[in-house]
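Chemist: Sequence first, predicted model second:
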Amino acid sequence: MALIELKDKKRPIYLTTRSRAKVTYGDKIEISAKEALTYLGDNTFTITFVPTDKSELRSCNARQIEWLRKEFNTKGDIDKILNKMFPAPSIKKKIKTEIKSIIPTEDKKETTSS
């Protein structure tokens, strides 16, 4: 389910799509991913897609794919769009640092008495 919220403090807005949800400032409302596509490009809302939306977005029709291409500024098929929407986490290698301490040794000079 995609999340939708108002960008600015305004009076509540009722969605005109299937859910007919009331969207208020500061509250994130869950709606279906395909329903959220109809609000792409609307400056009134902030839409957040979640990784569980991938399967629903894969079944988009040609017009909906065009909306996604325009919104995410990419070309190609739905897989390329989804890769841009949900990038794979980068793997950072942990570098072990070795700290070597040098213990100063005292040179002892042996004196011989004659």
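Modeler: That came in fine, so what should we check first? Numbering: from 1, shown residues only.

Chemist: what does the single longest helix found in the chain rub up against?
Modeler: Longest helix in the chain, counting residues (DSSP state H): helix 62-72. Applying C-beta atoms under 8 Å, 6 or more residues apart in numbering, the contact partners of helix 62-72 are 34, 37, 40-41, 57, 60, 75-78, 81, 84-85. For every residue, glycine as well, the C-beta is placed using N, CA and C.

Chemist: same thing but at 7 Å, please
Modeler: With contacts defined as C-beta atoms under 7 Å, 6 or more residues apart in numbering, helix 62-72 is touched by 34, 37, 40-41, 75, 78, 81, 84-85.

Chemist: Let me see the mean pLDDT of whatever helix or strand comes next after that helix.
Modeler: The helix or strand immediately downstream of helix 62-72 is helix 78-85, counting by DSSP states H and E. Mean pLDDT, helix 78-85: 91.

Chemist: Now find how far off-centre helix 78-85 is within its chain.
Modeler: Put simply, helix 78-85 sits 12 Å off its chain's centre (C-alpha atoms, centre = their mean, to the nearest Å).

Chemist: what's the answer for stretch 21-29, then?
Modeler: Counting by C-alpha atoms, centre = their mean, stretch 21-29 comes out at 20 Å from the chain centroid.

Chemist: That stretch: which residues count as buried?
Modeler: By 16 or more other C-beta atoms under 10 Å, the buried positions in stretch 21-29 come out as 21, 23, 29.

Chemist: picking that back up, name the member of the contacts of helix 62-72 with the most neighbours.
Modeler: residue 37 (22 neighbours; other C-beta atoms under 10 Å).

Chemist: Which residues lie in contact with that residue in this structure?
Modeler: 64, 67.

Chemist: at 10 Å what do you get?
Modeler: Residues in contact with residue 37 (C-beta atoms under 10 Å, 6 or more residues apart in numbering) are 2, 17, 47, 49, 56-57, 60, 63-65, 67-68, 71.

Chemist: Check residue 1 too.
Modeler: By C-beta under 10 Å, 6+ apart, the neighbours of residue 1 are 29-33, 35-36, 49-50, 52-53, 56.

Chemist: The residue positioned nearest the centre of the chain and residue 10: what is the separation?
Modeler: Centre of the chain computed as the mean C-alpha position; nearest residue by C-alpha atoms, centre = their mean is residue 86, 6.2 Å away. Distance, residue 86 to residue 10, using C-beta to C-beta, to the nearest Å: 30 Å.
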